[in-house]
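Novice: Sharing a sequence plus its predicted fold:
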Amino acid sequence: MAEIKLMKGNEVIAEAAIRCGCDGYFGYPITPQSEIMETLMAREPWKETGMVVLQAESEIAAINMVYGAAATGKKAMTSSSSPGISLKQEGLTYLAGAELPCLIVDVVRGGPGLGTIQPAQSDYFQATRGGGHGDYHLLVLAPASVQEMNDFVALGFELAFKYRNPVMILADGVIGQMMEKVRLDEYVPRWSDADIERVAGEWALTGKRKERERHVATSLELDAYKQEEFNHKLQAKYRRMEEHDTRHEELSCDDAEYIFVAYGSSARVCQKSVQLCREQGIKAGLFRPITLYPFPKRPLQALSRRAKGFLAVEMSAGQMIEDVRLAINGTVPAEHFGRYGGVIPTPDEIVEALKRQIIKT
Amino acid sequence: MTAEITEITREEHIVYRKTPALTGNVMHYCPGCSHGVIHKLVAEVIEEAGIRDKTIGVSPVGCSVLAYNYIDIDWAEAAHGRAPAVATGISRLHPEKYVFTYQGDGDLASIGTAEVMHACNRGENIVIIFVNNAIYGMTGGQMAPTTLVGQVTSTTPRGRDVKLNGFPMKITELLAQLDGTTYVTRQAVHTPPAIRKAKNALRKAFENTKKDKGTSFVEIVGTCSSGWKMTPVEANRWMVENMFPKYPLGDIKDI
């Protein structure tokens, strides 16, 4: 019998982590995601599943604790919000460079700087382009509901280990703070030493035994040609991700002439905008990228062959729009509509923007 | 000559053997550098305790970034200064393992001050090995937090001026103030007796991990003949005459 509860998005992240067999969470408080660590501390999973929860002295320390934990082949995670995620960028590029799987939850708030504590989507570039230095990418999942906050924790770990790559859940203050009905997962036991040997035996720091070479988690390569070779390997991995794990969802796109492209909270608002358009006789649809990196280019391209125009709706000054334009490559008009700095657009103003910027009536 | 070599290398004549925990890779360290001796001591302590398969090292950014090429155990290479946080992540999820960091003065006492302070304050059950040679070696001899007043480096070409650069940081004494540290000591490796003492200190630190006693912190005052622009012999003398008065050897805390 599935367990269905009414929960906050942030609380669900904590619950899902415990249930999916996460081994360690390392975090630092920041609004609007502090409930994740608070929920974990209240739940005391170390008594139940053996999961470790630790409040670090900084976001920098937290992500480096994740680096250490992940290097041992265990399921490690952290969470934060925009200013804190900026601090984690150093750790993230080292994790990507050492090819360590882990999960990072970013409950985005408005910026730049200390900005606001209200929801925003202004960290799309930071999340999808790498964020730190060097040619690397995170695999980025964008939940649009509390249910997906739950689902993407287990999925995130699965993809992280599949590709030996950090995975980010890019949520926003709305998804983190709102309460919805959620179907919780069954408990999955934490991996045993034998499981880790099976999944990560080739690289995990499990203690050097006589019969194997030592394992080193490092991103250092002093030989430029070898470093280039390693970069080729990373790029090949990103192409595999694009091939096999690009995810998106379409709503009313089958006969749509005009298509909103939106993820996360913006996609939820756009669902209503689609309905309003249809009531007014405008054939509108919604294309929702679920993986922001890799971006679902091909299905969007396919839609561009029959749609008349696209409106990228983001709580930012225009970031995802660049990926939308790259995908459809100038074949039809693609414009951006955004409210930002913590402001959430209304369904009506999105419909008006579609009329004004795309339909031009 | 060949016959002589064959004779003196016969098994019954061997009085010293490189510990199997050292890989045999040629070290990249400069002549006279203290890291080689310290690596050897760490490797010997691990080998003699029979804990190679239970020990995970965390190497820093700095000259000893490649420590993982020399000591034959599993290693994580940390970002600059973050080794104590990385070690925390490993140790918390593997309380049965021996986890140690190996850090220089720039890594530990400058960019990694927060990480080392808080790891020590939490009393992480780890060993922190701190090699203090009062200079940034890897990047070419710049001022470190532990650089002495008046000491010439590439970023203090007229000597460290306290008005401009502040004072040499005695971070080991600072860390001894924290309740999470159980053993805090300062050693050196410039003479055979000093090397023996340093090895005993390292052994004790790893034994503390076994006893779950919290953080053990072993500072080793070392030389950087390249950075100091001295011969190895001059560097050892300079260390004794100038470093030891500011950084006196011995146990600072032992609970």
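Specialist: Okay, I see it. Numbers count the residues shown, from 1 in each chain, chains lettered A, B, ... in the order given.

Novice: what secondary structure does the residue of chain A found nearest chain B sit in?
Specialist: Each residue of chain A has a distance to chain B, by CB to the nearest CB, and the smallest belongs to residue A:68, at 2.9 Å. For the C-beta atoms, the positions are set from N, CA and C on the backbone; glycine is no exception. Reduced to three states with DSSP: H, G, I helix; E, B strand; the rest coil, the structure at residue A:68 is helix.

Novice: Provide the count of other residues in contact range of it.
Specialist: Other residues near residue A:68 number 33, with proximity taken as other CB atoms under 10 Å in any protein chain shown.

Novice: and if you look at the one 4 residues further on?
Specialist: Counted by other CB under 10 Å, the residues lying close to residue A:72 total 28.

Novice: any chance you could map the strands in the stretch 1-150 of chain B?
Specialist: Residue ranges of the strands in the stretch 1-150 of chain B, as given by DSSP state E, counting those that start in this stretch, are B:55-59, B:74-77, B:98-104, B:127-132.

Novice: helices and strands around the third one, which ones?
Specialist: Right, strand B:98-104. Strand B:98-104 makes packing contacts with helix B:35-49, strand B:55-59, helix B:83-93, strand B:127-132, helix B:192-210 when contacts are defined by 3 or more CB pairs under 8 Å, 6 or more residues apart in numbering or on different chains; DSSP states H and E.

Novice: Let's see that with 10 Å instead.
Specialist: Here strand B:98-104 is seen to pack against helix B:35-49, strand B:55-59, strand B:74-77, helix B:83-93, helix B:113-122, strand B:127-132, helix B:192-210, strand B:215-221 when contacts are counted using 3 or more CB pairs under 10 Å, 6 or more residues apart in numbering or on different chains; DSSP states H and E.

Novice: any chance of the strands of the stretch 1-150 of chain B in TSV, with mean neighbour count and mean pLDDT too?
Specialist: Converted to TSV, the strands of the stretch 1-150 of chain B look like this (neighbours: other CB atoms under 10 Å in any protein chain shown; pLDDT from 0 to 100):
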stretch	mean neighbour count	mean pLDDT
strand B:55-59	28	98
strand B:74-77	28	98
strand B:98-104	28	98
strand B:127-132	28	98
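
Novice: check contacts around the residue of chain A closest to chain B.
Specialist: With contact taken as CB atoms under 10 Å, 6 or more residues apart in numbering or on different chains, residue A:68 is in contact with A:24, A:26, A:74, A:76, A:100, A:205, A:217, B:56, B:58, B:76, B:78, B:82-94, B:99.

Novice: Read off the pLDDT value for it.
Specialist: In the prediction, the pLDDT value recorded for residue A:68 is 98.

Novice: Pull up the gap between it and residue A:86, please.
Specialist: Taking CB to CB, to the nearest Å as the measure, residue A:68 and residue A:86 are separated by 21 Å.

Novice: Residues of the stretch 151-300 of chain A that sit close to chain B?
Specialist: When proximity is defined as CB under 10 Å from any CB of the partner chain, the stretch 151-300 of chain A approaches chain B at A:203-210, A:212-220, A:222.

Novice: ah, wrong one, I meant the stretch 1-150 of chain A
Specialist: With the criterion set to CB under 10 Å from any CB, the stretch 1-150 of chain A comes near chain B through A:23-24, A:26, A:46, A:50-58, A:60-76, A:90-91, A:93-95, A:97-98, A:100, A:102.

Novice: Name the single longest helix found in chain A.
Specialist: With DSSP state H applied, the helix covering the greatest number of residues in chain A is identified as helix A:224-244.

Novice: what does that helix rub up against?
Specialist: When contacts are defined by CB under 10 Å, 6+ apart, helix A:224-244 is touched by residues A:96-97, A:99, A:134-137, A:139, A:159, A:162-165, A:219-221, A:223, A:291, A:293-298.
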